[in-house]
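Student: With the sequence up front, the predicted model follows.
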Amino acid sequence: MLECADYCGVTSGYHTNKCADAGIAWSRGAVLDVPVLDDSPYCMEDITVPVSRTADILDEIESIARRHGVKIPCFGHAGDGNVHATLLREDFDEDAWREARHRVLEELYQATYRVGGNLTGEHGIGAKRIGYLPQFVDRGQIEVMKAIKRALDPDLILNPGKVIDPGNSESAS
Ligand SMILES: [Zn+2]
């Protein structure tokens with residue numbers, strides 16, 4: 001476990017600065033050194049897996065990180081399986097980063113669903129994950145989201161263009 005933490009440059013620290021809740025800071029035996037996020041632009045993910053599969057997804061993330069040469073320190077909420085896998089851009093130029101981030105996210109989400117997880121457990125789909133919604137979320141679930149959106153926001157004035165377009169039955173957006 002510490003091998004992954006070492007690879008990701010994780011030493012010590014806490015995940016309480018952005019998610020002030022009852023979460024427990026952790027990263028495979030070491031907790032996140034917050035300055036890691038100060039040293040590089042990053043893409044923080046919000047995957048959630050069954051608690052019993054947390055070790056499995058961390059193994060998958062370690063493998064993905066090594067395969068793509070992207071450091072992915074993880075922290076989050078040990079009690080509910082919410083893992084903030086955080087991709088560090090470091091020295092990637094803009095084009096290389098966009099490509100690497102997309103490939104890593106696809107593999108990360110695929111691994112997440114393989115272990116029974118989902119795209120988000122705390123921060124939501126928003127604009128960031130909307131492109132991945134139809135690929136990973138069951139069409140029936142999306143239709144339920146659209147029905148709720150229509151019921152609560154019939155004039156479509158709340159957060160237009162984000163997550164769900166109730167008028168479009170072909171896609172999530
Ligand atoms: Zn959090």
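Tutor: Alright, I've got the coordinates.

Student: could you point out which element follows the top strand by length along the chain?
Tutor: Taking DSSP state E as the criterion, the chain has its longest strand at strand 82-88. As assigned by DSSP states H and E, the chain's next helix or strand after strand 82-88 is helix 94-114.

Student: Strand 82-88 and that next one, what's the angle between them?
Tutor: 160 degrees (axes from the mean of the first three to the mean of the last three C-alpha atoms, to 10 degrees).

Student: just the helices in the protein please.
Tutor: 2-7, 35-38, 54-68, 94-114, 133-136, 139-152 (DSSP state H).

Student: Redo those as a markdown table? Include mean neighbour count, distance to residue 159 and mean pLDDT.
Tutor: (Glycine included, C-beta is placed from N, CA and C.) Below are the helices of the chain laid out as a markdown table (neighbours: other C-beta atoms under 10 Å; distance: least, C-beta to C-beta, whole Å; pLDDT from 0 to 100):
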| stretch | mean neighbour count | distance to residue 159 | mean pLDDT |
| --- | --- | --- | --- |
| helix 2-7 | 16 | 36 | 42 |
| helix 35-38 | 14 | 27 | 70 |
| helix 54-68 | 18 | 29 | 95 |
| helix 94-114 | 16 | 22 | 97 |
| helix 133-136 | 15 | 15 | 90 |
| helix 139-152 | 13 | 9 | 90 |
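
Student: returning to that earlier point: which residues does the longest strand of the chain contact?
Tutor: 8-9, 15, 19, 23, 36-37, 40-49, 54, 57-58, 61, 70-76, 101, 104-105, 108, 121-122 (C-beta atoms under 8 Å, 6 or more residues apart in numbering).

Student: Could you rerun that using 6 Å?
Tutor: Contacts with strand 82-88, where a contact means C-beta atoms under 6 Å, 6 or more residues apart in numbering, come from 40, 42-45, 47-48, 61, 70-76, 101, 104, 121-122.

Student: mind listing what it pairs with, with the direction of each?
Tutor: Its sheet considered, strand 82-88 pairs with strand 42-44 (antiparallel), strand 47-48 (antiparallel), strand 74-77 (antiparallel) by DSSP bridges.

Student: ok, and for it, which residues are buried?
Tutor: In terms of neighbour count (16 or more other C-beta atoms under 10 Å), strand 82-88 has its buried residues at 82, 83, 84, 85, 86, 87, 88.

Student: mind putting these in JSON lines, pLDDT and distance to residue 131 included?
Tutor: Shown next, in JSON lines, are the buried residues of strand 82-88 (pLDDT from 0 to 100; distance: C-beta to C-beta, whole Å):
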{"residue": "82", "pLDDT": "93", "distance to residue 131": "21"}
{"residue": "83", "pLDDT": "93", "distance to residue 131": "20"}
{"residue": "84", "pLDDT": "92", "distance to residue 131": "20"}
{"residue": "85", "pLDDT": "94", "distance to residue 131": "18"}
{"residue": "86", "pLDDT": "93", "distance to residue 131": "19"}
{"residue": "87", "pLDDT": "95", "distance to residue 131": "16"}
{"residue": "88", "pLDDT": "94", "distance to residue 131": "21"}
